[in-house]
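S.K.: quick one, structure for this:
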Amino acid sequence: MATKTNAVRLVQQAGLPCRETSYEFDESDLSGVHAAESIGMPPEQVFKTLVARGEKTGINVFCIPVCCELNLKKAAKAAGDKNMELVAVKELLGLTGYIRGGCSPVGMKKKYPTFFDESCILWDEIAVSAGARGQQMILPPEALAELVSAKLVDLTE
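M.R.: As a prediction, this is how the structure comes out:
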């Protein structure tokens, strides 16, 4: 098993039940669907972490199933903004401390407003990035949402 990431340590320190899993990743395919297939979970149960900038609200974090697209209008509404756009990949590390393909909703550099797609509650457990490419953590969605102070809303197309 790979080295325990900061995100996993934070989840464990909070006392949340969490399983770690790792998989071989390919620089040319960092898609969440590939991650889901690699860990043997349906894509609807594996969530990607997206970072977006609102016109008024600044940086916001959105977690949605890897098989879905973020609806920017719904994202803006959830954040109380008029417009929302995804941040450029080159900004990700500076804003969050994470790189593309390894962005976790847990343990970012700063605490940003966070939103999970409400479909997460259909599952006893969901997988999210553990903060490194090729590493996922699997845990109850309500507990994860509470840990990162996330609101559950409809975010997808």
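
S.K.: the residue nearest the centre of the chain is in what secondary structure piece?
M.R.: Nearest to the mean C-alpha position of the chain, counting by CA atoms, centre = their mean, stands Thr49 at 2.7 Å. Assigned by DSSP states H and E, Thr49 falls within strand 47-54.

S.K.: what's the first helix or strand after that strand?
M.R.: Downstream of strand 47-54 (by DSSP H and E), the next one is strand 58-65.

S.K.: helices and strands around that following strand, which ones?
M.R.: strand 47-54, helix 72-79, strand 114-117 (3 or more CB pairs under 8 Å, 6 or more residues apart in numbering; DSSP states H and E). Backbone N, C-alpha and C define where each C-beta goes, glycine included.

S.K.: adding mean pLDDT and distance to Gly94, write these out as CSV.
M.R.: Putting the helices and strands packed on strand 58-65 into CSV (pLDDT from 0 to 100; distance: least, CB to CB, whole Å) gives the following:
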stretch, mean pLDDT, distance to Gly94
strand 47-54, 97, 11
helix 72-79, 98, 20
strand 114-117, 98, 18
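
S.K.: quick one: list the elements packing against the helix or strand bottoming out on mean pLDDT in the chain.
M.R.: Counting by mean pLDDT, DSSP states H and E, the chain has its least confident helix or strand at helix 32-39, which shows a mean of 88. Counting contacts by 3+ CB pairs under 8 Å, 6+ apart, helix 32-39 packs against strand 126-129.

S.K.: just the CA coordinates of stretch 141-157, formatted as CSV?
M.R.: Only the C-alpha atoms of stretch 141-157 are listed here, as CSV (Å, rounded to 0.1, in the frame of the first residue of the first chain):
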residue,chain,number,x,y,z
PRO,A,141,-20.9,10.0,2.3
GLU,A,142,-22.8,11.7,5.2
ALA,A,143,-19.8,11.5,7.5
LEU,A,144,-17.5,12.8,4.8
ALA,A,145,-19.9,15.7,4.0
GLU,A,146,-20.0,16.6,7.7
LEU,A,147,-16.2,16.5,8.0
VAL,A,148,-15.7,19.0,5.2
SER,A,149,-18.9,21.0,6.0
ALA,A,150,-20.4,20.1,2.6
LYS,A,151,-23.9,20.9,1.5
LEU,A,152,-25.8,18.2,-0.4
VAL,A,153,-27.4,19.6,-3.6
ASP,A,154,-28.3,18.7,-7.2
LEU,A,155,-25.1,19.5,-9.2
THR,A,156,-25.2,17.4,-12.3
GLU,A,157,-26.5,17.6,-15.9
